[in-house]
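Participant: Build me a model:
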Amino acid sequence: MIGSVSCFYNGKLLTTRPLTKKKTLQHYKNNAQAVIIEGMRAGWDIPKLIKFNRDFIKKWRYQELKRKPDKEDLDLVLISILILIKFKIIEEDGDQEGLLIMPKKRNHSHQH
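Facilitator: Residues are numbered from 1 along each chain as shown. Now for the predicted structure:
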């Protein structure tokens, strides 16, 4: 693991996903772009894509989950946030919403 990315919406942490050599932030952004293209090919316009992803995030934020979310669920939350960032609905580095990217915690050895 090379670090992690945490997603916030309206001041609440929604998910934290690991960043690895294969699953970089760019990897997740590419997936978000693929979802946008797939949606538009299916006939969804930009306002509909925005509404769908905003509703998904709000539902995720406020709903009590009936089962423990799996890795794919958590990835979808990140992808939805990235879609809303792409359409400039939320700021990537806003103070109440967006992303917080953290490098891997380093172990410091103390020599005495």
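Participant: how many neighbours does residue 2 have?
Facilitator: The burial count assigned to residue 2 is 11, neighbours taken as other Cβ atoms under 10 Å. (Glycine included, C-beta is placed from N, CA and C.)
Participant: Surely it and residue 104 touch.
Facilitator: Yes - at 5.6 Å, residue 2 and residue 104 qualify as touching, with contact defined as Cβ atoms under 8 Å.
Participant: Let's see the pLDDT reported for residue 46.
Facilitator: Predicted confidence (pLDDT) for residue 46: 97.
Participant: Assess the claim that it and residue 86 are in contact.
Facilitator: No - counting by Cβ under 8 Å, no contact exists between residue 46 and residue 86, whose distance comes to 10.0 Å.
Participant: How about the contacts made by the spatially most central residue of the chain?
Facilitator: Taking Cα atoms, centre = their mean as the criterion, residue 78 is the residue nearest the geometric centre of the chain, at 1.6 Å. Listed by Cβ atoms under 8 Å, 6 or more residues apart in numbering, the contact set of residue 78 reads 5, 7, 15, 17, 28.
Participant: Among the residues you listed, name the ones in helices.
Facilitator: By the criterion of DSSP state H, membership of the contacts of residue 78 in helices covers residue 28.
Participant: Among the contacts of residue 78, give me the pair with the biggest separation.
Facilitator: Spatial extent of the contacts of residue 78 (Cβ to Cβ) is set by the pair 15 and 28 at 11.3 Å.
Participant: where does this structure have low pLDDT?
Facilitator: By pLDDT under 70, the weakly predicted segments of the chain are 64-66, 106-112.
Participant: would you list every one of the strands in it?
Facilitator: With DSSP state E as the criterion, the chain has strands at 3-9, 12-19, 98-103.
Participant: Can you give the distance of the longest one from its chain's centre?
Facilitator: Computed by Cα atoms, centre = their mean, to the nearest Å, the chain-centroid distance of strand 12-19 equals 7 Å.
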